[in-house]
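Participant: how does the following fold in three dimensions:
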Amino acid sequence: MAPRSIKRDLTHSFYDGIFANMFATLTGGVFLTGFALFLGMNDLMIGLLAALPFIVTVFQLPTSYLIEKSGRRKAIAFGAAAAARLIWIPIVILGVIPLVSRPTASLLVLGLIFISYTFVTISYVSWLSWLSDLVPDRMWGRFFGTRNMLCGAAGMVVMVVFGNFLDFFKGRGPEWLSLGFGIIFATAVLFSVVSLRFLKRIAEPKIHHADLPRPFRKQVWRSLREANFRRFLTFAFAWSFSVYFASPFFTLYFLRELHFSYGFVATLGMLSAFADLTGMRLWGRISDRVKNKAVIQLSSWVAAFLPLAWVLVRPGDIVMSILLHLIGGGFWAGINLCTNNLLLRVSPQKNRSLYLSVYNIAGGIGAAIGPIVAGTILIAIGDLHLHLFSYRILPLHCIFLTSTLFRLMSRLLLNAVREPEEATVGQLVRILRSVRGLTMANGFNYLLHPFIEIAKKGRRP
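Facilitator: Sure thing, here's the model as predicted:
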């Protein structure tokens, strides 16, 4: 494939990611949690809602088998993505028209979102296998870093715009709030259709034919017998459980306990996304030099203490809330980017979609169990409140403190994973010391460089 055609495909992938992330932003996060509260879901149901994207990862194994057998990654990714997004049309109807009672609507929404997430996970493993062969491995850090940065910028914009939009409707009454959710979800579906148009334009490279023994389970067990990959799976399971034990309840904490408005929560999300997109550019370039393990080790140390820090935040504490979102966004960018890249480096090129599926299932199981266990604990605790000196300890605080402990323990498992050409955390720190802060003269050019490049490519014949 000619370099010019590769650049065109990568540009299409950038546009696909931008509109897909706008869809994901408007159908997740503060909007989905707010919709769940509007429908009257309790803590356990909210925990289950957060677990659904990870429960469905079990469908990735048969998907990876189908990919390796047929080689039709693009067709599977496109078809599944289209199905996942169009399922939101009946959810839009449920949000606007009170056809059924709220308890019934809650169950229907959970069922529809389960189906949507099933197609999402099928599409994801197909897409990642497809793009990992399309993009040269020497460019993984820069490509995924730039793509994630552009996606984050798009999500940041729609989050703030529609967060304030939802506050406007909330102030006019419950019936207007339902209309607000309906408009937001309908807009998300429109964004997703635009994303599909760009996804369809990306070329599909020839797949590396797999050598799949019969029965299929033998190939699965072969991946589990590889010691390094197995250690990475153990880390993925433990870390995902630790993180998602608390993370689905942060938005609930902001809305219900700290009494933040949708607009302010969206603004916090924008700040986090800004730090994330800046971090993606930084960590993408650094990971090309020191690889990925060291970045994850450093960033996960900071991420481990974020739930503990939120225990200290009180209603009206705007400065602390902003600071935590900026710090969290910057370091989570390194974790998300480099975990994905590390997965590609510890899995072989042959049968890669299978290894991706096994990894996603391991991490998905941990991420699914975490919020369900936490939600069950919250239901059992009820309205119990404790006091420590002048601080009031809420049930959600107990979840956050436990998550910090779990994160500190689980991150140690990464030490046993071996990455080709890996660097130490000390080497990473020395490189970070040499990085100069973004100045007013060159900072915006650095951040806007991907947008400028896309605009230039868009004008080329």
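Participant: buried ones in the helix or strand encompassing Phe400, by neighbour count?
Facilitator: Taking DSSP states H and E as the criterion, Phe400 maps to helix 395-410. Within helix 395-410, the residues that count as buried by 16 or more other C-beta atoms under 10 Å are 395-404, 406-407, 410. All C-beta atoms are positioned from the backbone trio N, CA, C, and that covers glycine.
Participant: can you pull out the helices in the stretch 351-461 of the chain?
Facilitator: 352-381, 395-410, 425-434, 443-459 (DSSP state H, counting those that start in this stretch).
Participant: and the second one, how far out from the chain's middle?
Facilitator: The reference is to helix 395-410. Helix 395-410 sits 20 Å away from the centroid of its parent chain (C-alpha atoms, centre = their mean, to the nearest Å).
Participant: on contacts alone, who are the packing partners of it?
Facilitator: Applying 3 or more C-beta pairs under 8 Å, 6 or more residues apart in numbering; DSSP states H and E, one finds that helix 395-410 contacts helix 227-244, helix 293-304, helix 306-311, helix 352-381.
Participant: now the longest one
Facilitator: Helices and strands touching helix 352-381, as assessed by 3+ C-beta pairs under 8 Å, 6+ apart, comprise helix 43-55, helix 60-70, helix 102-134, helix 216-225, helix 227-244, helix 318-346, helix 395-410.
Participant: got the angle for it vs helix 395-410?
Facilitator: 140 degrees (axes from the mean of the first three to the mean of the last three C-alpha atoms, to 10 degrees).
Participant: what's the average pLDDT for helix 352-381?
Facilitator: The average pLDDT within helix 352-381 is 86.
Participant: just the buried positions in it, please.
Facilitator: By 16+ other C-beta under 10 Å, the buried positions in helix 352-381 come out as 352-375, 377-378.
Participant: rewinding a little: export the helices and strands packed on helix 395-410 to TSV and tack on distance to Lys69?
Facilitator: Formatted as TSV, the helices and strands packed on helix 395-410 follow (distance: least, C-beta to C-beta, whole Å):
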stretch	distance to Lys69
helix 227-244	22
helix 293-304	33
helix 306-311	42
helix 352-381	11
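Participant: and the ones you listed: which comes nearest Phe144?
Facilitator: helix 293-304 (12.8 Å; C-beta to C-beta).
Participant: mind listing what's buried in that closest one?
Facilitator: Buried, per 16+ other C-beta under 10 Å, within helix 293-304: 293-300, 302-304.
Participant: of those residues, which is the nearest to Ala266?
Facilitator: Of all the buried residues of helix 293-304, Ala303 has the smallest distance to Ala266: 21.9 Å, by C-beta to C-beta.
Participant: pretty sure the closest one contacts Gly328?
Facilitator: Yes - if you go by C-beta atoms under 8 Å, Ala303 and Gly328 touch, sitting 7.0 Å apart.
Participant: so Ile65 versus Phe241, what's the distance?
Facilitator: I think there's a mix-up here, since residue 65 is Tyr and not Ile. Distance, Tyr65 to Phe241, using C-beta to C-beta, to the nearest Å: 26 Å.
Participant: quick one: which of the two has more around it?
Facilitator: The neighbour count for Tyr65 versus Phe241, taken as other C-beta atoms under 10 Å, is higher for Phe241 (24 against 19).
Participant: need the contact list for the more buried one.
Facilitator: 366-367, 369-370, 406, 410 (C-beta atoms under 8 Å, 6 or more residues apart in numbering).
Participant: go on, Phe168?
Facilitator: Taking C-beta under 8 Å, 6+ apart as the test, what Phe168 contacts is Gly180.
Participant: which pLDDT value goes with it?
Facilitator: pLDDT recorded at Phe168 is 87.
Participant: what comes up buried for the host helix or strand of it?
Facilitator: Using DSSP H and E, the element containing Phe168 is helix 140-170. The neighbour-count check on helix 140-170 (16+ other C-beta under 10 Å) flags 140-156, 158-160, 162-163, 165-167, 169-170 as buried.
Participant: can you pull the pLDDT of Val30?
Facilitator: The model reports Val30 with a pLDDT of 85.
Participant: that one falls within a helix, correct?
Facilitator: Yes - counting by DSSP: H, G, I helix; E, B strand; the rest coil, one finds Val30 located in a helix.
Participant: so who does the residue lying closest to it once chain neighbours are set aside touch?
Facilitator: Nearest residue to Val30, sequence neighbours excluded (C-beta to C-beta, 6 or more residues apart in numbering): Val265, at 4.7 Å. Going by C-beta under 8 Å, 6+ apart, Val265 touches 30, 163, 251, 254-255.
Participant: and the residues you listed as TSV, adding distance to Pro98?
Facilitator: Formatted as TSV, those follow (distance: C-beta to C-beta, whole Å):
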residue	distance to Pro98
Val30	23
Gly163	24
Thr251	24
Phe254	27
Leu255	22
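Participant: tell me, what residue is most central in this protein?
Facilitator: Asn336 (7.8 Å; C-alpha atoms, centre = their mean).
Participant: you'd agree it is up against Met149?
Facilitator: No - if you go by C-beta under 8 Å, Asn336 and Met149 don't touch, sitting 11.6 Å apart.
Participant: return the set of buried residues in stretch 312-319.
Facilitator: Going by neighbour count (16+ other C-beta under 10 Å), the buried part of stretch 312-319 is Val313.
Participant: please work out the average pLDDT along that stretch.
Facilitator: 88.
Participant: could you do stretch 406-423 as well?
Facilitator: What stretch 406-423 shows for mean pLDDT is 86.
Participant: stretch 228-247 now?
Facilitator: Mean per-residue pLDDT for stretch 228-247: 93.
Participant: phi and psi next, for Ala24.
Facilitator: Dihedral pair for Ala24: phi -60, psi -40, per degrees, to the nearest 10.
Participant: what's near enough to touch it?
Facilitator: Residues in contact with Ala24 (C-beta under 8 Å, 6+ apart) are Gly155.
Participant: need the nearest residue in space to Met320, chain neighbours excluded.
Facilitator: Val313 (5.1 Å).
Participant: quick one: classify the one you found as helix, strand or coil.
Facilitator: Three-state assignment for Val313 (three-state DSSP): coil.
Participant: tell me the contacts of it?
Facilitator: Shown in contact with Val313 (C-beta under 8 Å, 6+ apart): 258, 320-321, 324.
Participant: low pLDDT regions in the stretch 201-350 of the chain?
Facilitator: 207-220, 349 (pLDDT under 70).
Participant: hmm, 80 instead?
Facilitator: For the stretch 201-350 of the chain, residues meeting the criterion pLDDT under 80 lie at 205-225, 273, 277, 280-281, 284-285, 287-291, 348-350.
Participant: and Ala82, what is it in contact with?
Facilitator: Going by C-beta under 8 Å, 6+ apart, Ala82 touches Leu196.
Participant: quick check: it vs Ile76, distance?
Facilitator: Counting by C-beta to C-beta, the gap from Ala82 to Ile76 is 11 Å.
Participant: again with Val157
Facilitator: For Val157, the distance to Ile76 (C-beta to C-beta) stands at 30 Å.
Participant: now Leu396
Facilitator: As judged by C-beta to C-beta, Leu396 and Ile76 stand 39 Å apart.
Participant: the helix holding Phe168 vs helix 293-304, what angle?
Facilitator: Using the same axes, to 10 degrees: helix 140-170 against helix 293-304 is 20 degrees.
Participant: got the angle between helix 140-170 and helix 318-346?
Facilitator: Orientation note: helix 140-170 sits at an angle of 140 degrees relative to helix 318-346 (the same axes, to 10 degrees).
Participant: perfect, I'm done here.
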